[in-house]
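> No letters, just coordinates:
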């Protein structure tokens, strides 16, 4: 059965996460990164999960799962190695008509989570439909190598330029060719090289004055710096 691909806005929305091990900790980290509020239900926590559970946005309930824990949740994730518990979580979620993911158990899932590469506003998601998580991870690693941290700066520049052009009130039909000229220009090569002067040169050539990095409030290398710091 093919899954319907979608990107969810979880900002401020409640997600029920069941489990307190390292897998649950990774899920908790990614949910918090997406701005979700997380109800974390587990009788025991690993150190990594314990540290995350203290962050804002986490409601920690230190006991076993109860069906009522699903109430109010937009999504449910069960990240335990207890098959009976996972099944109970899946049944409760289905009964409440809430989408549920049981980690690495596709038959119990009404949604699955792809392997993801993020570069600023660029999101690349890989799924094998649950057939082979290992293959999905290898594909993700290939994408990580192909799409480096420069993509974060590149898309931030394109967004800023687009917003400024749009704010000038010109017809969309006049702006559209400029957006394509930028994408087809040497902009990415200049960004990848960390060549701020070269970026300004490309921007002026395509868009005219008023679109340098400084004038757009942009700079180069921020995401790469975060990556080096392990953020």
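That came in fine, so what should we check first? Since the structure is predicted, the reported quantities are computational estimates derived from the model, not experimental observations.

> I'd assumed residue 106 was in contact with residue 86.
No. If you go by C-beta atoms under 8 Å, residue 86 and residue 106 don't touch, sitting 11.8 Å apart. Using the backbone N, CA and C atoms, a C-beta is placed for each residue, glycine as well.

> More neighbours: which of these two?
Neighbour totals were compared for residue 86 and residue 106, and residue 86 leads with 22 against 15 (other C-beta atoms under 10 Å).

> helices or strands up against the helix or strand that contains that one?
Using DSSP states H and E, residue 86 sits within helix 83-95. On a contact count with 3 or more C-beta pairs under 8 Å, 6 or more residues apart in numbering; DSSP states H and E, helix 83-95 meets strand 14-18, strand 75-78, strand 99-102.

> list the buried ones in it?
Using 16 or more other C-beta atoms under 10 Å as the burial criterion, the residues of helix 83-95 that qualify are 85-86, 88-90, 92-93.

> for it, the distance to its chain's centre please.
The chain centre lies 26 Å from the centre of helix 83-95; the measure is C-alpha atoms, centre = their mean, to the nearest Å.

> one step back: taking the buried residues of helix 83-95, tell me the two that lie furthest apart.
85 and 93 (12.6 Å; C-beta to C-beta).

> residue ranges with poor pLDDT in this protein?
Under the criterion of pLDDT under 70, the regions of the chain flagged as low confidence span 1, 222-231.

> let's see 80
Counting by pLDDT under 80, the ranges of the chain that qualify are 1, 130, 222-231.

> Helices of this structure, residue ranges please.
Using DSSP state H, the helices of the chain run over 22-33, 47-53, 83-95, 133-146, 150-167, 172-183, 187-192, 196-207, 213-216, 222-228.

> just how off-centre is the first one within its chain?
Centroid separation between helix 22-33 and its chain, computed with C-alpha atoms, centre = their mean, is 12 Å.

> what's the angle from that helix to strand 14-18?
With axes from the mean of the first three to the mean of the last three C-alpha atoms, to 10 degrees applied, the angle from helix 22-33 to strand 14-18 works out at 170 degrees.

> follow-up on the earlier one: mind putting the helices of the chain into JSON lines with distance to residue 124?
Shown next, in JSON lines, are the helices of the chain (distance: least, C-beta to C-beta, whole Å):
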{"stretch": "helix 22-33", "distance to residue 124": "15"}
{"stretch": "helix 47-53", "distance to residue 124": "25"}
{"stretch": "helix 83-95", "distance to residue 124": "28"}
{"stretch": "helix 133-146", "distance to residue 124": "5"}
{"stretch": "helix 150-167", "distance to residue 124": "9"}
{"stretch": "helix 172-183", "distance to residue 124": "17"}
{"stretch": "helix 187-192", "distance to residue 124": "16"}
{"stretch": "helix 196-207", "distance to residue 124": "23"}
{"stretch": "helix 213-216", "distance to residue 124": "25"}
{"stretch": "helix 222-228", "distance to residue 124": "14"}
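
> Identify all contacting residues around stretch 164-171.
Stretch 164-171 is contacted by residues 175, 178-179, 207, 210-211, 216 when judged by C-beta atoms under 8 Å, 6 or more residues apart in numbering.

> same thing but at 7 Å, please
Applying C-beta atoms under 7 Å, 6 or more residues apart in numbering, the external contacts of stretch 164-171 come out as 175, 178, 211, 216.

> How far does that stretch stretch from one end to the other?
Stretch 164-171 has an end-to-end distance of 13 Å (criterion: C-alpha to C-alpha, to the nearest Å).

> Okay, buried residues for that stretch please.
Buried residues in stretch 164-171 (16+ other C-beta under 10 Å): residue 165.
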